[in-house]
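My questions concern the predicted model and sequence given below.
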Amino acid sequence: MSAPTSAADLPRTWYAKRSRLITAVLGAVILVGLCVLAVMLPEKGGWGFGSRLGVAGTGVLGLAAMIMLGRPKVVAAAGGVTVVNLLRTTHLEWAQVVRVYLRQGDPWVYIDMSNGDTLPVMGIQTSNGKAEAITAARELRSLAEKYGAAPDVR
């Protein structure tokens, strides 16, 4: 897939499809498994309503954790790029993006920013397929070069 060539092709979103699917399925398994366990626990031995509720609540927390792990994505729009990682969402104007890169062995793409910081872009992961990650990194780099005003520093 080639990089978007016009503003009409934006917004463009990338996310780790395989990771998102795995975390969603695993979260559902955790929730269902712990809810079934809560129902099947014997009342003898101190497994009252509160204890059962605690076990089911742990399933809800497990599902929430898995949803959080599947959250990363990147959204490129004419006004900039939004990077959603596990706990933090960062919006960058294109001029703030100095360089987009994916080095051999890196788990995901990185963005060098004009303030000197480096931002991991967990929405484009090599675990989703190395070729797909390279293509996505090239598309994002192309957009940064097209819309950004900052020079490419290598």
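Received, thanks.

Residue ranges in the chain under the pLDDT threshold?
Applying pLDDT under 70 to the chain flags residues 1-8, 149-154.

Now for it: which strand has the highest residue count?
Once the chain is assigned using DSSP state E, the strand that runs over the most residues is strand 118-125.

Return the set of buried residues in that one.
Within strand 118-125, the residues that count as buried by 16 or more other Cβ atoms under 10 Å are 119-125. In this view, the C-beta of every residue, glycine as well, is placed from N, C-alpha and C.

Checking the residue lying farthest from the centre of the chain next. Helix, strand or coil?
In the chain, the greatest distance from the average C-alpha position (Cα atoms, centre = their mean) is reached by residue 44, at 43.6 Å. What DSSP: H, G, I helix; E, B strand; the rest coil gives for residue 44 is coil.

Tell me who's in contact with residue 65.
Taking Cβ atoms under 8 Å, 6 or more residues apart in numbering, we find residue 65 in contact with residue 27.

Let's verify it: helix, strand, or coil?
Taking three-state DSSP, the label given to residue 65 is helix.

And it, how close does it get to residue 83?
21 Å (Cβ to Cβ, to the nearest Å).

Show me which positions of the longest helix that the chain contains end up buried.
Counting by DSSP state H, the longest helix found in the chain is helix 17-40. Within helix 17-40, the residues that qualify as buried are 19-20, 23, 26-27, 30-31, 34-35, 38, counting by 16+ other Cβ under 10 Å.

Many thanks, we can stop here.
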